[in-house]
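Student: Have a look at this prediction, sequence included:
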Amino acid sequence: MQEAAEQLGFVANAAARSLQAGRTYTVGMITTDSIGRFSIPLLIGAEDALGAGQVSVFLCDARDDPIREQYYLRTLLGRQVDGIIVTGRRTQARPPIGASLPVPVVYAFISSTDPDDCSVVPDEQDGARRAIEHLLAIGRRRIAHVTGPEHHHSATVRAAAAMRTLSASGLEPAAPVLFGEWSEAWGRQAAGILLSTGADVDAVFCGSDQIARGLSEALQEAGKRVPGDVALVGFDNWDVMVDGSRPALTSIDMDLEGIGRTAAELLLAAINGEPEHGRRALPGRLIPRASTAVNPF
């Protein structure tokens with residue numbers, strides 16, 4: 001019958017299929033990431049998993065506005081979506097989007113403060129450990145760390161993991177951790193601080209690619225060779241930054257598409273009556289490039 005339908009060019013009616021199955025074959029994704037830096041890769045990963053089940057996605061941008069977020073939640077529920085993925089641009093845990101909702105919810109990249117909720121997040125501690133271990137593996141021992149705001153969850157988590165990894169190798173950081181902003185401007189400023197204090201540094205692990213790019217430019221303007229004098233590792237593997245930097249930046253990739261794909265798979269399982277609970281941290285990977293090349297000259 002399936003073969004005959006295909007030969008005749010038959011296309012199933014989605015409305016009829018929904019009525020028969022008691023489902024709409026739609027999923028909502030609510031994000032606070034207006035720029036799309038994190039939500040777009042997550043969406044691509046989610047669609048990879050949902051597309052196999054012929055499920056469509058409604059993407060809603062809440063713009064960090066709780067009122068707008070609740071409006072979209074009501075709208076999606078009014079459209080009778082089968083489930084909802086909640087995401088954002090920060091990994092810090094957030095309150096649940098709603099209580100006793102009629103459909104399953106999975107949090108992706110961010111997590112829920114409710115341990116009974118299902119959350120899929122990047123393992124940022126593992127990423128920082130990989131960065132430091134890579135620098136150690138290429139022979140660097142005088143390693144500094146420059147990162148974002150001290151009150152930012154990702155900055156503190158990555159910094160703490162980096163310091164633990166150094167300590168486990170019997171090393172101290174080459175300079176106190178420098179907290180600042182997630183920007184190239186801060187990277188340039190941090191380079192100036194390291195140079196002015198005379199810190200003996202042969203590598204810097206940066207909390208973001210933006211910081212690493214700015215730091216790289218400032219170091220080279222001051223006559224330092226990258227990676228000859230100072231090797232650099234960034235975080236996020238943002239193609240605009242890593243490929244636009246000279247030399248190209250080694251970086252930690254959080255596998256955002258993988259997080260989106262896993263979140264969608266867990267949501268489909270919950271829709272089918274097999275929900276999972278708790279927080280699942282997925283490891284990333286280090287992408288080596290010229291900023292940590294051995295014997296570059």
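Tutor: Received, thanks.
Student: Low-confidence ranges, this structure, go.
Tutor: Low-confidence regions of the chain, defined here as pLDDT under 70, cover residues 1-21, 53, 296-297.
Student: all strands of it, in order?
Tutor: Secondary structure of the chain, counting by DSSP state E: strands at 26-31, 56-61, 83-87, 105-108, 118-122, 143-147, 178-179, 203-206, 231-235, 250-253, 278-282, 285-287.
Student: Could I get these in CSV, plus columns for mean neighbour count?
Tutor: The C-beta positions use only the backbone N, C-alpha and C, and glycine is treated the same way. Converted to CSV, the strands of the chain look like this (neighbours: other Cβ atoms under 10 Å):
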stretch, mean neighbour count
strand 26-31, 24
strand 56-61, 16
strand 83-87, 26
strand 105-108, 27
strand 118-122, 24
strand 143-147, 26
strand 178-179, 22
strand 203-206, 30
strand 231-235, 29
strand 250-253, 26
strand 278-282, 15
strand 285-287, 16
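Student: Any chance of CSV for those strands, columns distance to residue 192?
Tutor: As requested, these are arranged in CSV below (distance: least, Cβ to Cβ, whole Å):
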stretch, distance to residue 192
strand 26-31, 36
strand 56-61, 37
strand 83-87, 36
strand 105-108, 38
strand 118-122, 30
strand 143-147, 11
strand 178-179, 11
strand 203-206, 13
strand 231-235, 16
strand 250-253, 22
strand 278-282, 35
strand 285-287, 27
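Student: how about the ones you listed, which one is nearest residue 45?
Tutor: Among the strands of the chain, the nearest to residue 45 by Cβ to Cβ is strand 105-108 (8.6 Å).
Student: Can you list the strands that the closest one pairs with?
Tutor: Within its sheet, and counting by DSSP bridges, strand 105-108 is paired with strand 83-87 (parallel), strand 118-122 (parallel).
Student: How far away from the center of its chain is that strand?
Tutor: When distances are taken as Cα atoms, centre = their mean, to the nearest Å, strand 105-108 is centred 14 Å away from the chain's centroid.
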